[in-house]
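Student: Fold the following.
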Amino acid sequence: MIAVVGATGTIGRNVSAFLEEWGTDVARRDFRLEGEEHVDARDPASLERSLEGADVVVNAADYRLNLDIMRGALACGAHYVDLGGLFHVTRQQLELDGAFRDAGLTAILGLGSAPGKTNLLAAAAARRLGRDPVSMEIWAATRDPAAANHPFPAPYSVQTLRDELQMRPVVLEDGELEEVEPVSGEAERDFPEPVGRAKGIYTLHSELATLPESIPTLREASFRLCLSPGLLEKLLALEDGELPEPYTQSPRSVAVHEVELRANGKRVVGTAITRGGSAKSTSEPAARAAVEIAEDRLVAPGVLPPELAVDDPEGFLALLDTEVSFRS
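Tutor: Sure, this is the predicted structure:
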């Protein structure tokens, strides 16, 4: 049985739907549900009760609860997958590596789209590069033609988006992780349609918490987020406590993730295009990883990021409804 914590949220609903579509036994858990489906993620007793019997826990709740839910999975002897810890929480979670390893349990941190697909694209691009990478740029963009006139087309949790914009981003400069100013690093890049040319800014992201250690030859690395036109200004103008619901993207929406690695005049760019939107792009990798773990095809004891947990990154990406390509 695979337990999905945060099952009534945007991503949790999609994770559960994928698992059900694949014929998996799913247990929905959320503080908004009642009876045996109710869980208070801040209460260890509630977590232990609601996660009992789970083989794998997929954490689709707010990243601030990652450590609580992770410890709950460990207490119940369950493997664990989440969607990322916005850099700082991810670093705290990595400290549980010994406990999970001793228990023979796999915990994969940040196996959604970004982080997740981006980490796997980076690992695959590094192998294709054939030499030690020295620089890495990660880009994420989403567009929905049907949302052209929507007043607030936020593709996922507004609270998480605001955190990404308000907290100081971390980049790798000259081999050292450095904090930079929020909403800095503005640059443009051409993406496949319907995104086209888009403007991106640095945001705080979990990839920078693990990839510089996983690829230790890197000297420069960054993550840029490209929001829909006008959305950045609307997010920054929100009052404290004002959290509009995320926009439900249409089937025409597209999520694009690119990772560019360079070394000594050579480059490899890995691109993942997911048609159907950010929620689909983020939820499917986590759901697929949970199934692979439950069926013993993905075995990686300890607490690991995707680029270290998955031996064959291109093979895993091929399991997803995502168009993956590489170019020089």
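Student: helices or strands up against the helix ranked longest in the chain?
Tutor: Secondary structure of the chain per DSSP state H: the longest helix is helix 278-294. Applying 3 or more Cβ pairs under 8 Å, 6 or more residues apart in numbering; DSSP states H and E, one finds that helix 278-294 contacts strand 2-5, helix 10-21, strand 56-59, strand 79-82, strand 106-108, strand 254-263, strand 266-275, helix 313-318. No exception for glycine: its C-beta is placed from N, CA and C like everyone else's.
Student: 7 Å instead, please
Tutor: helix 10-21, strand 56-59, strand 79-82 (3 or more Cβ pairs under 7 Å, 6 or more residues apart in numbering; DSSP states H and E).
Student: closest to Asp190 out of those?
Tutor: Asp190 sits nearest to helix 10-21 of all those, at 28.3 Å, using Cβ to Cβ.
Student: Restricting to C-alpha, output that closest one in PDB.
Tutor: In PDB, the C-alpha atoms belonging to helix 10-21 read as follows (Å, rounded to 0.1, in the frame of the first residue of the first chain):
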ATOM      1  CA  THR A  10      -3.300  20.000  -6.100                       C
ATOM      2  CA  ILE A  11      -0.300  17.600  -6.300                       C
ATOM      3  CA  GLY A  12      -1.700  15.000  -3.900                       C
ATOM      4  CA  ARG A  13      -4.800  14.600  -6.000                       C
ATOM      5  CA  ASN A  14      -2.700  14.000  -9.100                       C
ATOM      6  CA  VAL A  15      -0.400  11.500  -7.300                       C
ATOM      7  CA  SER A  16      -3.300   9.500  -6.100                       C
ATOM      8  CA  ALA A  17      -4.900   9.500  -9.500                       C
ATOM      9  CA  PHE A  18      -1.800   8.200 -11.200                       C
ATOM     10  CA  LEU A  19      -1.400   5.500  -8.600                       C
ATOM     11  CA  GLU A  20      -5.100   4.400  -9.000                       C
ATOM     12  CA  GLU A  21      -4.800   4.500 -12.800                       C
END
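Student: after that helix, next one along is what?
Tutor: Per DSSP states H and E, helix 10-21 leads on to strand 26-29 as the next helix or strand towards the C-terminus.
Student: ok, that next one: who's next to it in the sheet?
Tutor: Sheet pairing for strand 26-29, assigned by DSSP bridges, gives strand 2-5 (parallel).
Student: which residues touch the strand it pairs with?
Tutor: Strand 2-5 is contacted from outside by 12, 15-16, 19, 24-29, 39, 41, 51, 54-61, 69, 290, 294, using Cβ atoms under 7 Å, 6 or more residues apart in numbering.
Student: now the helices: where do they sit in the stretch 51-200 of the chain?
Tutor: Here the stretch 51-200 of the chain has its helices, by DSSP state H, counting those that start in this stretch, at 66-75, 88-94, 97-102, 117-129, 158-166.
Student: Let me have the ones you listed in CSV, extended by mean neighbour count.
Tutor: As requested, these are exported to CSV (neighbours: other Cβ atoms under 10 Å):
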stretch, mean neighbour count
helix 66-75, 22
helix 88-94, 18
helix 97-102, 15
helix 117-129, 25
helix 158-166, 18
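Student: Would you mind putting these into a markdown table with distance to Glu179 and mean pLDDT alongside?
Tutor: Below are the helices of the stretch 51-200 of the chain laid out as a markdown table (distance: least, Cβ to Cβ, whole Å; pLDDT from 0 to 100):
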| stretch | distance to Glu179 | mean pLDDT |
| --- | --- | --- |
| helix 66-75 | 21 | 98 |
| helix 88-94 | 11 | 98 |
| helix 97-102 | 25 | 98 |
| helix 117-129 | 20 | 98 |
| helix 158-166 | 13 | 88 |
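Student: of all the ones you listed, which lies closest to Phe191?
Tutor: Of all the helices of the stretch 51-200 of the chain, helix 117-129 comes closest under Cβ to Cβ, at 14.1 Å.
Student: Relative to Thr90, how far out is Leu304?
Tutor: 11 Å (Cβ to Cβ, to the nearest Å).
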